[in-house]
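1. heads up, no residue letters with this:
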């Protein structure tokens, strides 16, 4: 009976440790997703600026469209 209780305690300790480890991984995933969201926003801004660049250059050099 004592061995059973000891094994149950060891199992509970292992499960608790696994849960902590999983929680850490979940936090890491949330941080990575947040970072990816920020990177995506930056890339979208850069894409918009690059799309506007030819017109900005035309205006800067005074090119008139007919």
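-> That came in fine, so what should we check first? This is a predicted model, so every value here is computed, not measured.
2. alpha carbons only for contacts and neighbour counts from here, please
-> Will do.
3. state the mean pLDDT of the helix or strand residue 21 falls within.
-> In this structure, residue 21 is located in helix 2-61 according to DSSP states H and E. For helix 2-61, mean pLDDT is 94.
4. for residue 55, see how far away the residue sitting furthest away from the middle of the chain is.
-> The C-alpha centroid of the chain is most remote from residue 1, which lies 48.5 Å away (C-alpha atoms, centre = their mean). Between residue 1 and residue 55 the distance is 82 Å, computed by C-alpha to C-alpha, to the nearest Å.
5. before we move on, the earlier item: against residue 14, how distant is the residue farthest from the centre of the chain?
-> 20 Å.
6. go on, residue 31?
-> Distance, residue 31 to residue 14, using C-alpha to C-alpha: 26 Å.
7. same check on residue 21?
-> 11 Å.
8. for residue 60, same thing?
-> Residue 60 sits 67 Å away from residue 14, taking C-alpha to C-alpha as the criterion.
9. neighbour-wise, which of those two wins?
-> Per other C-alpha atoms under 10 Å, whichever of residue 60 and residue 14 has more neighbours is residue 14, with 12 against 9.
10. so who does the more buried one touch?
-> Residues near residue 14 by C-alpha atoms under 8 Å, 6 or more residues apart in numbering: none.
11. now stretch 45-55: how far from the chain's centre is it?
-> In terms of C-alpha atoms, centre = their mean, to the nearest Å, the centre of stretch 45-55 is found 25 Å from the chain centre.
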